[in-house]
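Sequence and predicted structure below; questions after.
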Amino acid sequence: MPNSYSPEQIIRPEILALSAYHVPAATGMIKLDAMENPYPLPSALRDDIARLAESAPINRYPDASAAALKAILRQNLEITDDMEILLGNGSDEIIQIIAMAIAKPGAVLMSVEPAFVMFRMIATFANIQYIGVPLQKDFALDTEAMLAAIEKNRPAVIFLAYPNNPTGNLFDAAAILRIIQAAPGIVVIDEAYNAFAEASFKNQLGTYPNLLLMRTLSKSGLAGLRLGLLIGKTEWIAQLEKLRLPYNIGIMTQLIAEKVLHHTDVLSAQAETIKSERAKLNAFLGTMRNIEVYPSKANFILFRVPAASQIFHMLKQRKILIKNLDGTHPLLKDCLRVTVGTPDENVQFCAALHASLTETV
Ligand code: PMP
C-alpha cells in the first residue's frame, strides 16, 4: 500500500512518546507490588458466586444503568438522595471520563507529585495539560504552592488521593478544604485506600458542590472485577454520565459485586487483618538499620533504603515482587513500596529484605 500511513504519521506525537503502563510478570512470585488484598473470599461466598455465574444471562448485554448494584452501593455507603453515582470499569476509567469531559483547549488537570501516575498519564491521553505540584520532603501537601498554582493555572479539575499513592500518607484535611474552597473547578478526592484509612471526605460532600469522591473495590478484595465509583452532585455526575460507555460494567462484575456487597463484614474483617499486619510490617522495617519508613494509612508501606534498585532486584531473585520507585521522582530517590500481604508473605518479605541488606553491606 504505497499511500498508507505509518503509525508515526497518524498517532499523536505525545502518544508516540509515551511508554505503556508496565505491569511486571508475577508468575511464581510473592506478589506485593499492586496493593491487592491477598485474601480470597470465604468458600460459601465463592459457591454463591459460582451459582451466579451458572445462571447469568451472558448472551444479553448487562443492565446499562447497573441499578441493583448502585442501590446496594448507595445503601452501604449511606449516600444521600441529593448525590448521584457514576460507575467505572475501575476508578481508572472514571479518571479518564473526567479528563475527556474537561478536555477543552487550554484545560488543566492538576495533582501533586509524587501521586498516582494515572492522573498524569490520562491527562496526556486526553490531550490536556497536567500540572503536578511537588509535595514537601515529608510528602505533606505544600498548601501555599498548591494555592498559588491554582490561582495561576485555574485547573478544571484537581485530583488528590487520600491516602496518597505511592506515599501512603493522609494529607492534612484542613489544607485539602482550603484547596477545595480555592479551586475554580472540581476537586476529586480519590479514596481508593479508604478501607484502611479511618478518614474520609464523605461528610463534606453536601457542603462543597465542587467536591467529588472517588472509591474503588479494587483494594478491598475485588481488584479482578474492575469496579470504581464516583459520588457527587447530580449537576456534575449527569454530565460525566454522558461519556460513560453504555455497558462499561459487565454482567459478572454487576452480579458478583452486588453479592459481595451484601457481605461487607467479610471485606471489613480482611481490611482489619491487613491493618494489623501493616503495623507489624511497619514495626519490623522501623527496627532495620539504614531504612527510613514512612507512616501509612493504606495497604502498602513506602520505605527508603540505600541502593534501593539493587535491593529490589535481590528481592526479585528471592521471588518477592514489590514496587521500585527509585528514579520515578526526585522525592522518591531510593524508595520502595511494599503491599501488605498475608502474615506468611510478610514474614517471607521481611526475611528476604533482611538477607538482601546483609549481602549488600
Ligand atoms: N487511585 C489510586 C490512588 C490508586 O492507587 C489506584 C490503583 N493503583 C487507582 C485509583 C485505580 O484503581 P482501580 O482502577 O483498580 O479502581
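Okay, I see it. All values derive from a computational prediction rather than experimental measurement.

where along the stretch 51-200 of the chain do the strands fall?
Using DSSP state E, counting those that start in this stretch, the strands of the stretch 51-200 of the chain run over residues 83-88, 108-113, 129-134, 157-161, 186-190.

for the stretch 201-350 of the chain, same thing?
211-216, 228-233, 292-293, 300-304, 320-321, 323-324, 335-339.

Now do the end-to-end distance for stretch 317-326.
18 Å (Cα to Cα, to the nearest Å).

can I get the strands of the stretch 201-350 of the chain in TSV with distance to the ligand, mean pLDDT and mean neighbour count?
No exception for glycine: its C-beta is placed from N, CA and C like everyone else's. Below are the strands of the stretch 201-350 of the chain laid out as TSV (distance: least, Cβ to the nearest ligand atom, whole Å; pLDDT from 0 to 100; neighbours: other Cβ atoms under 10 Å):
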stretch	distance to the ligand	mean pLDDT	mean neighbour count
strand 211-216	3	98	24
strand 228-233	4	98	22
strand 292-293	19	98	16
strand 300-304	9	98	23
strand 320-321	15	97	23
strand 323-324	10	98	20
strand 335-339	10	98	24
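
Which one of the strands of the stretch 51-200 of the chain lies nearest to residue 314?
Relative to residue 314, the nearest member of these by Cβ to Cβ is strand 108-113, separated by 28.1 Å.

Let's see the lowest-mean-pLDDT helix or strand in the chain as CSV, backbone CA atoms only.
Ranking every helix and strand in the chain by mean pLDDT, DSSP states H and E puts helix 13-16 at the bottom, with a mean of 91. Output in CSV follows, covering the C-alpha atoms of helix 13-16 (Å, rounded to 0.1, in the frame of the first residue of the first chain):
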residue,chain,number,x,y,z
PRO,A,13,3.2,12.8,19.0
GLU,A,14,2.5,12.8,22.7
ILE,A,15,1.2,9.2,22.4
LEU,A,16,4.1,8.1,20.4
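
So which of the strands of the stretch 51-200 of the chain is nearest the ligand?
Across those, the ligand has its closest neighbour in strand 157-161 (3.7 Å, Cβ to the nearest ligand atom).

contacting residues around that closest one?
For strand 157-161, the external contacting residues (Cβ atoms under 8 Å, 6 or more residues apart in numbering) are 95, 98-99, 102, 109-112, 115-116, 119, 150, 171, 176, 179, 183, 185-193.

Right, and the ligand sits closest to which residue of the stretch 1-150 of the chain?
Closest point on the stretch 1-150 of the chain to the ligand, by Cβ to the nearest ligand atom, is residue 90, at 2.8 Å.

Run a quick neighbour tally on that residue.
20 (other Cβ atoms under 10 Å).

What's the separation between it and residue 219?
11 Å (Cβ to Cβ, to the nearest Å).

Kindly report the same for residue 256.
16 Å.

what does residue 301 give?
Relative to residue 219, and taking Cβ to Cβ, residue 301 is found at 14 Å.

And residue 87, by the same measure?
Counting by Cβ to Cβ, the separation of residue 87 from residue 219 is 17 Å.

So which of those two has more stuff around it?
Between residue 87 and residue 219, counted using other Cβ under 10 Å, residue 219 has the larger neighbour count: 26 against 22.

From the ligand, how far off is that one?
7 Å (Cβ to the nearest ligand atom, to the nearest Å).

Equivalent analysis for residue 205, please.
Distance check for residue 205 against the ligand: by Cβ to the nearest ligand atom, it reads 18 Å.

correct me, but that residue touches residue 236?
No. Residue 205 lies out of contact with residue 236 (Cβ atoms under 8 Å); the separation is 11.1 Å.

Run the contact check for stretch 255-264 versus the ligand.
No. Using Cβ under 6 Å from any ligand atom, stretch 255-264 stays clear of the ligand, with a minimum separation of 12.1 Å.

Kindly reformat the strands of the stretch 51-200 of the chain as a markdown table and extend each row with distance to residue 30 and mean pLDDT.
What follows is those, written out as a markdown table (distance: least, Cβ to Cβ, whole Å; pLDDT from 0 to 100):
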| stretch | distance to residue 30 | mean pLDDT |
| --- | --- | --- |
| strand 83-88 | 30 | 98 |
| strand 108-113 | 30 | 98 |
| strand 129-134 | 32 | 98 |
| strand 157-161 | 25 | 98 |
| strand 186-190 | 27 | 98 |
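
Just put these in JSON lines and tack on distance to residue 287.
Formatted as JSON lines, the strands of the stretch 51-200 of the chain follow (distance: least, Cβ to Cβ, whole Å):
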{"stretch": "strand 83-88", "distance to residue 287": "41"}
{"stretch": "strand 108-113", "distance to residue 287": "31"}
{"stretch": "strand 129-134", "distance to residue 287": "31"}
{"stretch": "strand 157-161", "distance to residue 287": "29"}
{"stretch": "strand 186-190", "distance to residue 287": "32"}
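
Out of those, the one nearest residue 48 is which?
Per Cβ to Cβ, nearest to residue 48 of the strands of the stretch 51-200 of the chain: strand 83-88, 21.8 Å.

Up against the ligand, what does the stretch 101-250 of the chain have?
So far as Cβ under 6 Å from any ligand atom goes, the stretch 101-250 of the chain lies against the ligand at 116, 161, 165, 190, 192, 216, 218, 223, 228.

Tell me the bridge partners for the fourth one.
Read it as residue 190. residue 161, residue 214 (DSSP bridges).

What residues does it make contact with?
With contact taken as Cβ under 8 Å, 6+ apart, residue 190 is in contact with 91, 116, 159, 160, 161, 162, 214.
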